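Colleague: the following block contains a protein sequence and its predicted model.
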Amino acid sequence: MKERVHEFPDRRSELRGGRIEDPAPERQRSRVGGLVWLIGVAVLGWLWYSGQLPLERLGYELRQWLGWEKSASPPSSSRRVQAPTLPVLPGPVPPATIPAVTAAPPVRTATRDAPVEVAAGDGIPLSISRGFRPVGFKIGVTSHPLPFTGRPGSLHRRLPPFQGPVQKYGRIDMANGISYAFVLDTDPQGYRLYVDRNRNGDLSDDGEPLVNRGKGRFAGRLRLLLARMSGIAALKGDLELWIFSTDQSWRDHSLRFYNRTQLSGELQIKGRRYAAYLTDNLHPDGDYTNDGISIDSDGNGQIDRATEMHAPGDGVTLDGERYRFRIVR
């Protein structure tokens, strides 16, 4: 059989029934073109809606180019983008009104040149911040027990490395609910006292421990901030606690301590000056308002513990007059 040769080799052949042999490429190109046209229309529409395609300006430029437009300035776009509405920020809040605080009755500042003038009566207020200043250890006092146990308490959350075989745990309770945890390490080379000065439960981050400064098992000086312990900002310097042990206190499972920081002032009664002292002795907690007052009534430069140390609320007889003092901050 003789092979049939097509007269038009570049022309698509037809199958029986009159159908195109392969129409898929044509339909695909048609669909792509339509999609591109739709995307272009959508982009142009969005540009015009957002104000980025001002049709009036484009028309003006076209008319200028053709010579039909005589106006010197192009028209402004009629399509404007509305600026977003920003929230209105509130103005500065006025400070709250603080109610007035009624101050204690004024007391003249106690200095060597201007002592506190006192008249006879009951409940005479003596202000520590205005009439007294720290002078160190001037008057003999009584020590108080500082109990310890063989096991850490709730304030001993982290401990330093110890050198001794046994440790003694305790706490120092001061005024205003302030407590300092301590632990005494019975190091054979010398007992060491660790104190949680920053009160964070960690006794390993408070600097070097106190070392023994005495002849017995332990004696050392703990310094705390006087203004913080007393609650009186005018009092500068340190509050010093002397902490020590004796054979008897060790048998009683405790150390001993007392406050070495005392306050001094002067009272003037009927033209006569009297040296006065406040010792944190009755309740050694850093609060000088609850321990009474000591007055050198005979002027010999010493305080007689039997006759010149007065507990809170005690009456004091000076120059034949009766006085009752109330210590305030």
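Modeller: Yep, it's here.
Colleague: in this protein, where is pLDDT below threshold?
Modeller: Applying pLDDT under 70 to the chain flags the ranges 1-30, 32, 43-117, 119-121.
Colleague: residue 199 reaches residue 182, doesn't it?
Modeller: No - at 11.5 Å, residue 199 does not count as touching residue 182 under the criterion of Cβ atoms under 8 Å. For the C-beta atoms, the positions are set from N, CA and C on the backbone; glycine is no exception.
Colleague: of the two, give the one with the bigger neighbour count.
Modeller: Each of residue 199 and residue 182 has its neighbours counted (other Cβ atoms under 10 Å); residue 182 has more, 25 against 13.
Colleague: for the residue nearest to the more buried one when sequence neighbours are not counted, what are its contacts?
Modeller: The spatially closest residue to residue 182, leaving aside those adjacent along the chain, is residue 195, at 4.8 Å (Cβ to Cβ, 6 or more residues apart in numbering). Residue 195 sits next to 172, 180, 181, 182, 203, 206, 209, 210, 222 when contact means Cβ atoms under 8 Å, 6 or more residues apart in numbering.
Colleague: would you list these in a markdown table and tack on secondary structure?
Modeller: Output for the contacts of residue 195, formatted as a markdown table (DSSP: H, G, I helix; E, B strand; the rest coil):
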| residue | secondary structure |
| --- | --- |
| 172 | strand |
| 180 | strand |
| 181 | strand |
| 182 | strand |
| 203 | coil |
| 206 | coil |
| 209 | coil |
| 210 | strand |
| 222 | strand |
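Colleague: give me the buried entries from the residues you listed.
Modeller: Buried residues within the contacts of residue 195, counting neighbours by 16 or more other Cβ atoms under 10 Å: 172, 180, 181, 182, 203, 206, 209, 210, 222.
Colleague: pick the one among these closest to residue 281.
Modeller: residue 172 (15.7 Å; Cβ to Cβ).
Colleague: how about the contacts made by that closest one?
Modeller: Residues near residue 172 by Cβ under 8 Å, 6+ apart: 146, 179, 180, 182, 195, 222, 241, 257.
Colleague: and residue 289, that's in a helix?
Modeller: Yes - assessed with three-state DSSP, residue 289 lies in a helix.
Colleague: doesn't residue 328 make contact with it?
Modeller: Yes - assessed by Cβ under 8 Å, residue 289 is found in contact with residue 328 at 6.4 Å.
Colleague: so for those two, which sits in the more crowded spot?
Modeller: Set residue 289 next to residue 328 and count neighbours by other Cβ under 10 Å: residue 289 wins out with 19 against 15.
Colleague: from residue 132, how far out is that one?
Modeller: 11 Å (Cβ to Cβ, to the nearest Å).
Colleague: and for residue 191?
Modeller: Distance from residue 191 to residue 132, counting by Cβ to Cβ: 35 Å.
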